[in-house]
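Participant: got a predicted structure plus its sequence, pasted below:
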Amino acid sequence: MLNKKIEEALNAQINAEMWSAYLYLSMASYCHSLGQTGMARWFEVQFKEEQDHAKILFNFIIQRNGNVTLTAIDAVPTTWDSILHVFEDTLVHEEGVTKLINDLFALTTQENDYATQSMLKWFIDEQVEEEENAQTIIDNLKMINDNGYGLYMLDKELGARAYVQAAPLANSTL
């Protein structure tokens, strides 16, 4: 059975993951409005991944005989100044998610909840990848600057991204 503090923190993280999904769907819409369909596709995959993250936490709470409490999702931004700004916001957002995951892991350490720590290890590794991906795209956009051909090529590259279901959900019975 889950410790009440841990259960509340995991439920808060579900909400944060759903907010992230909503944010990435908004970013996809912004990219579509600029004709950057590849970048929009990249954010649509992000949207699905964030939903997976919420479902992993959802499943874990259920498996540990806890109660899932879904709450309202706050509004997200809908416009940005540029494509670069969208990806800079992505990095800032992912750094914030990393802090949330790290704080959650610290709580599990304080509460001696080793099962939750084990589950959160996947999220810690995932956040390293998320931050690296966002930073790489930012670096590419800065290098490209206003070169239309470069932007076109990056859009095509990002559009080739395929959704892959998160590994912890692969054999899930929930």
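Facilitator: Ah, there it is. Numbers count the residues shown, from 1 in each chain.
Participant: pLDDT below threshold where in the chain?
Facilitator: For the chain, not a single residue meets the criterion pLDDT under 70.
Participant: residue ranges for the helices of it, please.
Facilitator: Assigned by DSSP state H, the helices in the chain fall at 4-33, 37-63, 83-110, 114-144, 148-159.
Participant: quick check: which of these is nearest to Asn171?
Facilitator: Asn171 lies closest to helix 37-63 among the helices of the chain, at 10.9 Å (CB to CB). Just so you know, the C-beta spots here come from the backbone N, C-alpha and C atoms, and that holds for glycine as well.
Participant: buried stuff in the closest one?
Facilitator: Using 16 or more other CB atoms under 10 Å as the test for burial, helix 37-63 gives 37-61.
Participant: correct me, but Thr79 touches Ser29?
Facilitator: No: using CB atoms under 8 Å, Thr79 is not in contact with Ser29, being 9.6 Å away.
Participant: neighbour count winner among these two?
Facilitator: Per other CB atoms under 10 Å, whichever of Thr79 and Ser29 has more neighbours is Ser29, with 14 against 10.
Participant: can I assume that one is in contact with Pro77?
Facilitator: No: in this structure Ser29 lies outside contact range of Pro77 using CB under 8 Å: 10.8 Å.
Participant: which ones are touching the nearest residue to Glu131 once chain neighbours are set aside?
Facilitator: Among residues not flanking Glu131 along the chain, Glu94 sits closest, at 5.0 Å (CB to CB, 6 or more residues apart in numbering). With contact taken as CB atoms under 8 Å, 6 or more residues apart in numbering, Glu94 is in contact with 127, 130-131, 134.
Participant: phi and psi next, for Asp113.
Facilitator: For Asp113, the backbone dihedrals (degrees, to the nearest 10) come out as phi -100, psi 90.
Participant: for stretch 117-129, buried residues please.
Facilitator: Of all the residues in stretch 117-129, those buried under the rule 16+ other CB under 10 Å are 117, 119-120, 123, 126-127.
Participant: and the nearest residue to Leu141 once chain neighbours are set aside, what does it touch?
Facilitator: Leaving aside its chain neighbours, Leu141 sits nearest to Leu84 (4.7 Å; criterion: CB to CB, 6+ apart). Leu84 makes contacts with 138, 141-142, as judged by CB under 8 Å, 6+ apart.
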